[in-house]
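**Q** Structure for this input, please:
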Amino acid sequence: MSIKQQYIDGKWVGANSGNTRDIINPFNQEVIATVPEGDQTDAKAAIAAARAAFDSGEWSSTPATERGHIVRKIAELIERDKEELARLESLDTGKTVEESRGDMDDIAGVFRHYSELADKDGGELIDSPVPNSISKVVREPVGVCGQITPWNYPLLQASWKLAPALATGNTLIMKPSEITPLTTIKVFELMEEAGVPVGVANLVLGAGHTVGAELSSNIDVDLISFTGGIVTGKKIMQAASVNVKKLALELGGKNPNIIFADADFETAVDQALNGVFFHAGQICSAGTRLIVEESIHDKFVNSLVERVKKFKLGNGFDEDTQMGPLISAEHLAKVEKYVEMGIEEGATLAVGGSRPEDPELQNGFFYLPTIFTDCTTDMNIVQDEAFGPVITVEKFRTEEEAVKLANDSIYGLAGGVWTSDIVKAERCVAKMRMGTVWINEFNLYFPHAPWGGFKQSGIGRELGKQGIEEYTETKHIMHNLKPEPINWF
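**A** Numbers count the residues shown, from 1 in each chain. Just a heads-up that it's a prediction; the model follows:
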């Protein structure tokens, strides 16, 4: 497979060191591409390019309408090359190609959304207490933005950062996950085709401890936007303090899904499964904590187990595949350790809990969909993010208990409530400390609504109007139309 390389200052280049990395398909461990393995020197070159491009003022002074046209052109090119991008995404991540096609539609939608917002904020006039004066508030681009994206939704997460940064006139350096860079590389080709100026958008490939660390600590970077794990997020916060960078962090979640007895039973079961097992549970907002009312608990769990036993695991390019592999051998081992811990803590393994025996799946990083019952909030498996196809089930008796259980977490990214009583649902939602809460729905997002978490799920918001505001600074301009001496001194 012919894959272009890093994109720095308008040029496609290899790593300064000459090092490369093989990219493998998690379904069968086949090498699907070889890409540069950049390091600090590559990151510094990209930062210098982005700094020079921003300081020249060419992009930030480009009319917002024109920037919006370019961002919209990127959306159109993504739609044009949807099948190629979906194929790359499924090869890279192992997810079903149908999921990847849906991702591409969402990604084009994100670019289109921000293209439409690019010229919509002309500032605002505010009252000034000084006679004969004008006071206004405007938003200006932050500057040079470092962007670090995860491996689970490589291009979707990239779009959440690229589109608003470009629309608002910033320059940027993107570092995708070193194990899933292929669709991001392709989109940088499309950005070049769309007319993004030289130096405005730069792509550096490599590991977090080299490239990511440089982006986080370099004083010429004004903002760092990171989506990933909480441990790395805390390190980025510390590194970013060197020049008090703006921060936008999405650090995952352990998301509760409350099922009341008066919910539509079959729909709640179906959505509980969809809320976790898409992309083998490798979703930051997966509803992996099921909190089920005691009176329907056993029936609900039995229905989940029977459905799970029928899941079809396999190649993401097979039409009948419902769930693909985990991303890597390392991640598979992490999920296995997590399940072992649950058994040691006394949770009951209702289904799954091992690798599949199917000989056709032995070369891939597959793990059976797994359900634990008899779980309590003091268990690590209830508190820690496994990021795999594992559900824990807790019981509750009262509405107050359900909400208390849901909030018993260091995370606060997302949650759900299933009930036919809308008043009860609204009471629960008002008390749930999460950035997104769904009522009779789970894991639905769209670019018009903000996304981000409470507590240790992160800082800031992506998507929505708030997502574009993350990439701007607020400036107050006061103009005295009739200045006069004060005669104080």
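**Q** Can you check the distance spanned by stretch 203-223, start to finish?
**A** Stretch 203-223 has an end-to-end distance of 16 Å (criterion: CA to CA, to the nearest Å).
**Q** Okay, helices next: where are they in the stretch 201-350 of the chain?
**A** Taking DSSP state H, counting those that start in this stretch, the helices of the stretch 201-350 of the chain run over residues 213-217, 230-240, 265-277, 294-308, 329-344.
**Q** same question but for the stretch 51-200 of the chain, I mixed them up
**A** Going by DSSP H, counting those that start in this stretch, the stretch 51-200 of the chain shows helices at 64-80, 82-93, 97-117, 154-167, 182-194.
**Q** Put together CSV for the helices of the stretch 201-350 of the chain, with distance to F446 and mean neighbour count on each row.
**A** (Glycine included, C-beta is placed from N, CA and C.) CSV is the format used below for the helices of the stretch 201-350 of the chain (distance: least, CB to CB, whole Å; neighbours: other CB atoms under 10 Å):
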stretch, distance to F446, mean neighbour count
helix 213-217, 29, 24
helix 230-240, 25, 17
helix 265-277, 16, 20
helix 294-308, 27, 16
helix 329-344, 28, 16
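**Q** Can you list the low-confidence ranges for this structure?
**A** The model of the chain has pLDDT under 70 over residues 1-3.
**Q** again, 80 this time
**A** 1-4 (pLDDT under 80).
**Q** related to what we said a few turns ago, hey, which of the helices of the stretch 51-200 of the chain is tucked in deepest?
**A** Ranked by mean neighbour count under mean count of other CB atoms under 10 Å, the helices of the stretch 51-200 of the chain are led by helix 154-167, which reaches a mean of 28.
**Q** Remind me what that helix packs against, helices and strands.
**A** Under the contact definition 3 or more CB pairs under 8 Å, 6 or more residues apart in numbering; DSSP states H and E, helix 154-167 sits against helix 64-80, helix 82-93, helix 97-117, strand 144-148, strand 171-175, helix 182-194, strand 223-227, helix 464-469.
**Q** before we move on, the earlier item: M478 is nearest to which of the helices of the stretch 201-350 of the chain?
**A** With respect to M478, and counting by CB to CB, the nearest of these is helix 230-240 at 30.9 Å.
**Q** Can I get the closest one in CSV, CA atoms only?
**A** Provided in CSV are the C-alpha atoms of helix 230-240 (Å, rounded to 0.1, in the frame of the first residue of the first chain):
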residue,chain,number,x,y,z
ILE,A,230,-6.5,10.1,32.1
VAL,A,231,-2.8,9.2,33.1
THR,A,232,-1.5,10.8,29.9
GLY,A,233,-3.9,13.7,30.3
LYS,A,234,-2.5,14.6,33.7
LYS,A,235,1.1,14.5,32.3
ILE,A,236,0.0,16.9,29.5
MET,A,237,-1.5,19.3,32.0
GLN,A,238,1.8,19.4,33.9
ALA,A,239,3.9,19.8,30.7
ALA,A,240,1.5,22.5,29.4
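**Q** Make sure G146 is actually in contact with K175.
**A** Yes. The pair G146 / K175 is scored as a contact, 7.5 Å apart, by CB atoms under 8 Å.
**Q** more neighbours, the two?
**A** Set side by side, G146 and K175 show more neighbours around G146, with 32 against 28, by other CB atoms under 10 Å.
**Q** And the residue nearest the centre of this structure?
**A** Q157 (4.4 Å; CA atoms, centre = their mean).
**Q** so what's that one up against?
**A** T149, P150, T227 (CB atoms under 8 Å, 6 or more residues apart in numbering).
**Q** Check N407 too.
**A** Counted by CB under 8 Å, 6+ apart, N407 has contacts K431, M432, R433.
**Q** and the contacts of Q157 as a markdown table, adding distance to A406 and neighbour count?
**A** Converted to a markdown table, these look like this (distance: CB to CB, whole Å; neighbours: other CB atoms under 10 Å):
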| residue | distance to A406 | neighbour count |
| --- | --- | --- |
| T149 | 28 | 26 |
| P150 | 25 | 24 |
| T227 | 23 | 25 |
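**Q** what about I391, helix or strand, and which?
**A** strand 390-396 (DSSP states H and E).
**Q** I'd like to know which elements that strand is packed against.
**A** Strand 390-396 packs on helix 265-277, strand 289-293, helix 294-308, helix 329-344, strand 370-373, helix 380-383, helix 399-407, going by 3+ CB pairs under 8 Å, 6+ apart.
**Q** neighbouring contacts of it?
**A** With CB under 8 Å, 6+ apart, strand 390-396 has contacts from 258, 272, 276, 281, 288-294, 297, 301, 304, 335, 338-339, 342, 347, 350, 352, 369-377, 379, 381-382, 402, 405.
**Q** Also stretch 222-238?
**A** 142-150, 157, 160-161, 170, 208, 212, 215-216, 240, 243, 245-252, 284, 385, 456, 458, 460, 462, 470-471.
**Q** can you check stretch 129-141 too?
**A** Residues from elsewhere that reach stretch 129-141 (CB under 8 Å, 6+ apart): 54, 60, 121, 123-128, 168-170, 469, 471-482.
**Q** Buried residues, it. List them.
**A** S135, R139, P141 (16 or more other CB atoms under 10 Å).
**Q** quick revisit: any quick PyMOL command for the buried ones out of the contacts of stretch 222-238?
**A** Applying 16+ other CB under 10 Å to the contacts of stretch 222-238, the buried members can be selected in PyMOL as follows:
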select buried, resi 142+143+144+145+146+147+148+149+150+157+160+161+170+208+212+215+216+240+245+246+247+248+249+250+251+252+284+385+456+458+460+462+470+471
